[in-house]
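Engineer: Sharing a model prediction with you, sequence too.
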Amino acid sequence: MTQPLEEIQDRIVEQLHAGEVVDQAAVLAAHPEHAEALKGFFRVLELVEKGAAPAAAPSRLGEFQILRELGRGGMGVVYEAEQLSLKRRVALKVLPPALGHDARLKARFQREAEAAGRLRHPGIVPVISFGDVAGTPFFAMELVEGRSLARVLAELREGRDGGVPPVGEPRRRWALGIAIAMAEALAYAHAQGIVHRDVKPGNILLDREGTPRLSDFGLAQDLGMEGLTTSGESFGSPRYMSPEQAFRRKLPVDQRSDIYSLGVTLYEMLTLRYPYEGATSVEYMNELSQGRVVPPRKADASIPVALESVLLRALAKDPAERYPDASAFAEDLKAALEKRPVSARPLRRWSRRASLWVGAAAGLLLLGLGAWAWMRHEVRRSFGPASQWLVSGPRGARLGDLENLVGDSNLRVELRRFISRSDPGTYSIVLDLPPGVGEGQALMPHGTWSVSIDGAAWKPLPATEEATGSTLRWQVSLRDLLGESLKGDSVTVRHRLEQVRLRESGADALGRIELTREPNVFTQTVFIYDELPPDYPAAVSDPEMNQTMRERLTPRQARYIGTRSLEGGRKAIQFDLGILGIGLPAPAAFEVSLSLPNESVPFARGRFVHRDPLSPAHAARRLMAMVQTRVRESGVIWIEGYGVGPQPIDFVLEPLPPEKEVQLLLDLQQGRIEELHVQFEPSRTVARESSSFDRYWNGAIDVTVPLVSTPAGGR
Amino acid sequence: MSETTHLPAIETLLEAHRGRLLAFLRLAMSRPLAQRVAPEDILQETLLEAAHKLDGFEDRGPSSFYAWLVAIARFKLCEAERALQAHKRAREEPLQLDPAQTGTSPSMGAMRLERAELLRAALAELPEAQAEAIRLRYLEGSSLCEAAARMQRSEAAVKALVTRAFTVLAQRLDDQS
């Protein structure tokens, strides 16, 4: 089917606008008649989208004569080349020269090449050699004559047969064969400590015989060697990314991410669709964040139940729910192929349990405003535009080290619901405690509902309350209760779980709160915590939470901007810490010091000033606060609070002897200071009723970031 | 620079538009402003604001998210221009920390302009209708319908102009390399 060039290009422009990643190779394959025009089009896009001129192809690198460009990946360009000494064709992956000057990227590239070079497996495209010519690192891989699975799938979508078996059982056997081979290849790589991290149809090459081979361990990273993954480019389609890759989670990206990505690939081979609905990236990410996989049998009812179970297990949002390793996945795939029983549980049971636990795990990890925004986005979709949830009370932290809750404990949760006048309904809250917590034990919930209209004082609201086993359920019907008196622009409903007595518990557990407004269900995990002791910050500290906060608070790079002369002969030193992270509670205080080879020079100390910590609106703004620029000046430092303009922070200048100060300036100007040390102190000043965020993040953050003196535009 | 492998969804989403938005900003910035302010700074402000306001975004079609980003970028651009004017008026300049003042020396500004110049020059040489079509449809994220209305042409004509513009730009780029 021939499409006019304008249509193809216009569709691609729309895809880009929607945040899609365009698979150039697949587009070119699907429209060979426009290949030349489309290549030119992609070159222009490259210039704009990447913000840099496309690299001119080198003609020769060492003993490799470059013949043509095969494609571009996240980290480099792949060429077909001839190895002159052996007179054989190879695929040559080259780091773009522009990036060749970046020591970190170069180090990463070499590491990848070394990692990939160690792999020898029939299902993996071998790396032949790697090297570095005139500052341009490259590695040579065996050239696979054939095509990528992405291209085959593109042809199938176009309605062509793609040279693969017809739809139905033959197609499924073909797809399973590929998935099994790739799972085995992954199992081998994982055993060598290498995670691929970018498994997708574009990286699965089918040779002339149709044998699949996994290529491009370009993003592979040695397990346990974190930290060299900085790349300014967005790579990969989010469609194949595991949730822990797509969202900043405290979960490590390990072999189970590859299992997930292979699961998406298999899903696509079987159905030509993706496991999540959503035409745009925004929608897709949203579905992904909710973990709502479209069951494969919904897409194609002829898919056997067992195969569906296998797929769903591979696609579980929580890595712990997936296959523990790729060989277990391969085994189950084989069982599905041979119609033997599989280890994965069928959908119904899986889904219920998964939604509970995956929901809980998701809530556990969805922290910060990013998540908050998604959540609100989701809520808006489910509940209509006029209403918003504000869950106040910590969300998704651990169940306050339940093992410490021996004896009677008071738990408290507060939820607010802003409801438009036209939207009264029945709301219910279900609190699930994990098995082992409530079962057979005395569980005595007590909660109250209250309502506030247009911000007026809270009035109690009757509600039903019941507890069965480990589930507590409260229900309130606004329509019945308020009837005609429901007047006002905003109605807020609050539920406060006053008390749950757990006589004994040894579980390390999560609670889940489910808010329901028929016919929609919105699940939000809440942290159930012990009644706040007066010395709460010191008493409750969650190391995992602190780790998450540390990850979010770690600036990627600090930039030394320069100095400015001020009146009175003083100098100002400017640093830019960039965005520390979006969706953070502003820490209470911070300290910055500069690391010299032999000493650490204290530079600045400051305390954030929170205005009105009780206002949710303020909380939202405060969360956007970024430490954008700091100036060592006459005792003033600013924090850019988003939407509220620069906010002053109390600031203490570390006293430095004048000669030390001069030396410091010299060191800075000459680039001798390579690191900036930033320490954040926990927020202790926020009152109990304020936004949830400060309640469970209590640890000090201590980070060291590389300091560069390149200009802002240099990337 | 961000850690791509650990980007939260919201950043991944915004990152996908970074290059295009930057191109838009570079083309839209006045020269005096471009000398003083890094377009990257305005971009950063824009993305932050977008992240902040994400729940206010209403999906109205494939291009609407990007068009929404452009609208925020325009607003940020206005703010920066205003800050620049205010800065010019005030003789004694106190040390201010808004991005409009953040460490942009004229030479750095010039370097920054180089890349933008390449595209700007190529666009400037396009016939007016082609340049407008590609700017509206691609760089600003207007829907076909909007672009057609603005240009008083049919949607098919706009699409054809965009395609021609891309073809000419590709040739220019090839000529240069």
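Structural biologist: Good, I have the coordinates.

Engineer: From the opening residue of stretch A:24-40 to its closing one, how far?
Structural biologist: 12 Å (C-alpha to C-alpha, to the nearest Å).

Engineer: list the contacts for A:Lys339?
Structural biologist: By C-beta atoms under 8 Å, 6 or more residues apart in numbering or on different chains, the contact set of A:Lys339 is A:304, A:306. In short, each C-beta sits where N, CA and C put it, glycine included.

Engineer: Which elements pack onto the biggest helix by length in chain A?
Structural biologist: Determined from DSSP state H, the single longest helix within chain A is helix A:169-191. For helix A:169-191, the elements it packs on are strand A:204-207, strand A:212-214, helix A:255-271, helix A:326-337, judged by 3 or more C-beta pairs under 8 Å, 6 or more residues apart in numbering or on different chains; DSSP states H and E.

Engineer: Who does the helix or strand just after that helix pair with, and is each partner parallel or antiparallel?
Structural biologist: Going down the chain from helix A:169-191, the next helix or strand is strand A:194-195, by DSSP states H and E. The pairing partners recorded for strand A:194-195 under DSSP bridges are strand A:221-222 (antiparallel).

Engineer: highest average neighbour count across the helices and strands packed on helix A:169-191?
Structural biologist: Highest mean neighbour count of these: helix A:255-271, a mean of 25 (counted as mean count of other C-beta atoms under 10 Å in any protein chain shown).

Engineer: counting contacts, what elements does it pack onto?
Structural biologist: helix A:149-157, helix A:169-191, strand A:194-195, helix A:243-246, helix A:296-299, helix A:305-314, helix A:326-337.

Engineer: Select from these the stretch with the lowest mean pLDDT.
Structural biologist: Confidence, taken as mean pLDDT, is least for helix A:243-246 of the helices and strands packed on helix A:255-271 (a mean of 68).

Engineer: quick revisit: the helices and strands packed on helix A:169-191: which one's closest to A:Glu155?
Structural biologist: Taking C-beta to C-beta, strand A:204-207 is the member of the helices and strands packed on helix A:169-191 nearest to A:Glu155, at 11.8 Å.

Engineer: which strands and helices sit next to the closest one?
Structural biologist: The helices and strands touching strand A:204-207, judged by 3+ C-beta pairs under 8 Å, 6+ apart, are strand A:146-148, helix A:149-157, helix A:169-191, strand A:212-214.

Engineer: ok, 6 Å please
Structural biologist: Applying 3 or more C-beta pairs under 6 Å, 6 or more residues apart in numbering or on different chains; DSSP states H and E, one finds that strand A:204-207 makes contact with strand A:146-148, strand A:212-214.

Engineer: In CSV: the ones you listed, plus mean pLDDT and distance to A:Gly193.
Structural biologist: Shown next, in CSV, are the helices and strands packed on strand A:204-207 (pLDDT from 0 to 100; distance: least, C-beta to C-beta, whole Å):
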stretch, mean pLDDT, distance to A:Gly193
strand A:146-148, 85, 26
strand A:212-214, 92, 16
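
Engineer: want to try CSV for those strands, with distance to chain B as columns?
Structural biologist: Output for those, formatted as CSV (distance: least, C-beta to the nearest C-beta, whole Å):
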stretch, distance to chain B
strand A:146-148, 22
strand A:212-214, 18
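
Engineer: Show me how the record splits chain B into domains.
Structural biologist: According to automatic domain parsing, chain B comprises the domains B:1-112, B:125-177.

Engineer: And the residue of the stretch 1-150 of chain A closest to chain B?
Structural biologist: Nearest to chain B in the stretch 1-150 of chain A, going by C-beta to the nearest C-beta, is A:Gly40, at a distance of 2.9 Å.

Engineer: pretty sure that residue is in contact with B:Ala170, am I right?
Structural biologist: Yes: with contact defined as C-beta atoms under 6 Å, A:Gly40 reaches B:Ala170; the gap is 2.9 Å.

Engineer: More neighbours: those two, which one.
Structural biologist: B:Ala170 (22 against 18; other C-beta atoms under 10 Å in any protein chain shown).

Engineer: What lies in contact with the host helix or strand of the more buried one?
Structural biologist: Counting by DSSP H and E, the element that carries B:Ala170 is helix B:155-176. For helix B:155-176, the external contacting residues (C-beta atoms under 6 Å, 6 or more residues apart in numbering or on different chains) are A:5-6, A:9-10, A:40-41, A:43-44, B:122, B:126, B:129-130, B:133-134, B:137, B:144, B:147-148.

Engineer: Among those, which ones are in helices?
Structural biologist: Under the assignment DSSP H, the contacts of helix B:155-176 contribute A:5-6, A:9-10, A:40-41, A:43-44, B:122, B:129-130, B:133-134, B:144, B:147-148 to helices.

Engineer: picking that back up, contacts for the longest helix of chain A?
Structural biologist: Applying C-beta under 6 Å, 6+ apart, the set of residues contacting helix A:169-191 is A:119, A:121, A:123-124, A:164-165, A:212, A:214, A:255, A:258, A:262, A:266, A:269-270, A:326-327, A:329-330, A:333-334, A:337.
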